[in-house]
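Visitor: below are the sequence and a predicted model; questions follow.
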Amino acid sequence: MLIVDDEVGMREFLAVCLGRAGHEVTAAKSGADALRLLSEEEGRYDVVITDLTMPGVPGMEVLRHACALPSAPQVIMVTAYATTDTAVEAMKIGAYDYLIKPFKVDEIQVVVQRALERRALSTENRRLRDELKGVHTLDRMVGRSEAMQKVFELVRRVAATRTNILIRGESGTGKELVARALHKLSERAEGPFVPVNCGAIPEQLMESELFGHVKGAFTGAAAGRRGMFEVAQGGTLFLDEIGEIDPATQVKLLRVLQERAIRPVGGNEEVEVDCRVVAATNRDLEAAVEAGEFRQDLYFRLDVVRIVLPPLRHRSEDIPLLVERFFDRFNREMKRNLEGVSPEPSTGCWPTTTPGTSASSRT
């Protein structure tokens, strides 16, 4: 259970009364801390109790973030400044209940117990849906290590959701393979998968590449062109190296994620877009946010669910499988019949400091 409140007295009160009732409680002193915990420990919290009015990241943003998670914990909003409009908005977003401060101990305990019961029911329903869907494999991905098995399990759990996903890992760890697996296992599998390498697009062309442009929008724009958001309608837009986009485009991208609509360069009309956004980076985006190089609000929008890919040097037991996969691919493409290498060389010849991984070892 996660308690979110900027007032230390309220955090301590809730922690004590719920702890005495036998609940495991974690407290966050701000909305930003809550978003970080929900992303890093996705699936841990069954119930989130959050204050509505907090400096920085408000309770409504915590609510939106929590409701977008694959595990979707039950969220209870608490506030001393209640209005009908905010209560209705919270319920529309997905809040389980809305309590007015001050409240009695038995009141919050009853609401929490009911929220836990609903959480258990929704978890069981989700498990049954996953079984019926029959998602048992991840196309083209290889790994028997514990680290990769955890990645596979997370991909299976989040693929069917509509939430934004951030894939993190060094160059060559297979971020695009994971993005393609998420697409293939989702309800958007019949739609397009559109990869965009943000690090390879010049800054002056980034906006047009993502959002499109109309005829005459700039010198050389002899005809209109759809952007990648439109191309990905009904499917998945994969924004690789998201940490490389410039500040001006970050602002526009944030608005698209909020409004689900784009405005082509030079255009006057907005175009609604319906695609899932999966982003990837090899950068430390938290450090980029602290350095003022990446917008914090955009980071929170993208990092709803985080998938971290371990480098191959940290999972050497996967090397024989990858060697076998590469030999199979080589034999198909070159029409050869090489049988591979013995287990001893395949596990012993790989330097432990090799920076490259599965994608960079294709040569």
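Guide: Sure, I can see it. Just so it is clear, the model here is predicted, and its values are computed rather than measured.

Visitor: switch to C-alpha atoms for all contacts and neighbour counts from now on
Guide: OK.

Visitor: could you look up the SS state of residue 78?
Guide: Of the three states, residue 78 takes strand according to DSSP: H, G, I helix; E, B strand; the rest coil.

Visitor: run through the residues that contact it.
Guide: In this structure, residue 78 makes contact with 49-52, 98-101, judged by CA atoms under 8 Å, 6 or more residues apart in numbering.

Visitor: let's see it at 10 Å
Guide: Residues in contact with residue 78 (CA atoms under 10 Å, 6 or more residues apart in numbering) are 4-5, 49-53, 59, 87, 97-103, 108.

Visitor: please parse the chain into its domains.
Guide: Following automatic domain parsing, one finds the domains of the chain at 2-130, 146-310, 315-363.

Visitor: tabulate those (JSON lines), appending mean pLDDT.
Guide: Shown next, in JSON lines, are these (pLDDT from 0 to 100):
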{"stretch": "domain 2-130", "mean pLDDT": "89"}
{"stretch": "domain 146-310", "mean pLDDT": "92"}
{"stretch": "domain 315-363", "mean pLDDT": "61"}
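
Visitor: restricted to strands, list the contacts of residue 78.
Guide: Among the contacts of residue 78, the residues falling in strands (DSSP state E) are 4, 49-51, 97-100.

Visitor: now for residue 155, how many residues are close by?
Guide: Neighbours of residue 155 under the rule other CA atoms under 10 Å: 19.

Visitor: that should have said residue 144, apologies.
Guide: Look at residue 144: counted by other CA under 10 Å, it has 12 neighbours.

Visitor: ok, back up a step: from the contacts of residue 78, which would you call buried?
Guide: The neighbour-count test (16 or more other CA atoms under 10 Å) marks 4-5, 49-53, 59, 87, 97-99, 108 as buried among those.

Visitor: now for those residues: which two are most distant?
Guide: Greatest spatial distance in the buried ones among the contacts of residue 78: 53 and 108, 18.6 Å, computed using CA to CA.

Visitor: separation between the residue minimising distance to the centre of the chain and residue 308?
Guide: By CA atoms, centre = their mean, the chain has its centre lying nearest to residue 165, at 2.1 Å. Distance from residue 165 to residue 308, counting by CA to CA, to the nearest Å: 11 Å.

Visitor: overlap of the contact sets of these two?
Guide: Residues touching both residue 165 and residue 308 (CA under 10 Å, 6+ apart): residue 280.

Visitor: tell me which helix or strand residue 27 sits in.
Guide: strand 26-28 (DSSP states H and E).

Visitor: contacting residues around that strand?
Guide: Applying CA under 10 Å, 6+ apart, the contact partners of strand 26-28 are 1-6, 8, 11-12, 14-15, 19, 33-37, 45, 48-50.

Visitor: would you map the strands across this protein?
Guide: Using DSSP E, strands in the chain cover 2-4, 26-28, 47-51, 74-79, 97-100, 165-168, 193-197, 236-240, 261-262, 271-272, 276-281, 305-308.
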